[in-house]
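Q: just to be clear, the model below is a prediction. Sequence and coordinates:
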Amino acid sequence: LAQPTVTVKLNSSKPKLTWKKVEGATHYRVYQKINGEWKSLGLTTKRGKTVKNLRSATKYTFAVRAYVKSKSYSVAGDLKTVAVTTKPAATKKITATSTENSVTLTWSKVSGVTNYRIYQKTSSGWKALAYTSNLTYTIKSLNPNTSYTFAVKSYIKTTSGRVAGDYKQIDIKTKKSTNSQPTGTYVTTTDGGIKLYKITSAEAKAIFEK
């Protein structure tokens with residue numbers, strides 16, 4: 001019998017193993033490698049199996065073998081192995097502080113995670129800003145007194161690519177600008193008495209900034 005073609009779909013920390021039909025096979029046996037030894041997870045006539053009760057952000061090795069089984073004999077094919085890293089947990093306890101033009105995000109460490117990706121929500125969807133291995137990141141060049149939505153997603157870097165966890169988002173508003181001019185008129189004393197300046201005029205602005 002030929003080896004099944006095994007693929008993996010990740011749903012949280014529960015990988016689902018799927019494989020193509022092997023011509024002549026009546027059953028398939030799924031294995032998990034534990035402490036260097038193969039443990040059978042049972043026979044199935046289906047072409048898929050979800051493995052439960054696994055830890056997040058952990059690498060596992062599975063295998064599938066095709067069988068022809070009857071009342072009097074059983075013929076086994078070759079063992080087809082596949083390694084998978086389960087998804088990390090979502091980023092937790094994210095907080096945000098702001099200035100007029102920046103927002104600093106801080107979050108708690110997620111077990112097994114190698115880096116985090118920062119996103120900003122825009123009118124066209126989520127925009128990726130940066131990867132970082134730190135637990136804090138500052139977004140700059142923002143507008144004062146403006147509401148923003150950011151998110152942090154946990155990632156694990158593996159030899160075959162990155163495995164992403166679920167994201168955690170937070171809303172925050174930047175602070176009002178302290179450089180804005182007061183409204184109304186500006187009053188100052190001169191040798192001739194009191195003079196009023198419209199704050200929108202260039203002359204009043206120059207006086208205000210002294």
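A: Yes, it's here.
Q: contacting residues for the residue nearest in space to the middle of the chain?
A: Nearest to the mean C-alpha position of the chain, by CA atoms, centre = their mean, lies residue 153 at 2.1 Å. By CB atoms under 8 Å, 6 or more residues apart in numbering, the residues touching residue 153 are 90-91, 116-117, 119, 164-168. Using the backbone N, CA and C atoms, a C-beta is placed for each residue, glycine as well.
Q: for residue 105, see how far away the closest residue to residue 109 other than its chain neighbours is.
A: Leaving out its chain neighbours, the residue that sits closest to residue 109 by CB to CB, 6 or more residues apart in numbering is residue 135, at 5.9 Å. According to CB to CB, to the nearest Å, residue 135 stands 9 Å off from residue 105.
Q: neighbour-wise, which of the two wins?
A: residue 105 (23 against 15; other CB atoms under 10 Å).
Q: can I get stretch 4-23 in PDB, CA atoms only?
A: The C-alpha trace of stretch 4-23 is given here as PDB (Å, rounded to 0.1, in the frame of the first residue of the first chain):
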ATOM      1  CA  PRO A   4      -1.300   8.500   2.500                       C
ATOM      2  CA  THR A   5      -0.800  12.200   1.600                       C
ATOM      3  CA  VAL A   6      -1.200  13.800   5.000                       C
ATOM      4  CA  THR A   7      -2.100  17.500   5.500                       C
ATOM      5  CA  VAL A   8      -2.900  19.400   8.700                       C
ATOM      6  CA  LYS A   9      -5.500  22.100   9.400                       C
ATOM      7  CA  LEU A  10      -5.200  24.000  12.700                       C
ATOM      8  CA  ASN A  11      -8.300  24.900  14.700                       C
ATOM      9  CA  SER A  12      -7.000  26.500  17.900                       C
ATOM     10  CA  SER A  13      -4.800  23.900  19.600                       C
ATOM     11  CA  LYS A  14      -6.700  21.000  17.900                       C
ATOM     12  CA  PRO A  15      -4.900  19.900  14.700                       C
ATOM     13  CA  LYS A  16      -7.100  18.000  12.200                       C
ATOM     14  CA  LEU A  17      -5.100  15.500  10.100                       C
ATOM     15  CA  THR A  18      -6.500  14.800   6.700                       C
ATOM     16  CA  TRP A  19      -5.300  12.500   3.900                       C
ATOM     17  CA  LYS A  20      -6.100  11.300   0.400                       C
ATOM     18  CA  LYS A  21      -7.600   8.000  -0.200                       C
ATOM     19  CA  VAL A  22      -5.200   5.100  -0.700                       C
ATOM     20  CA  GLU A  23      -6.300   2.700  -3.400                       C
END
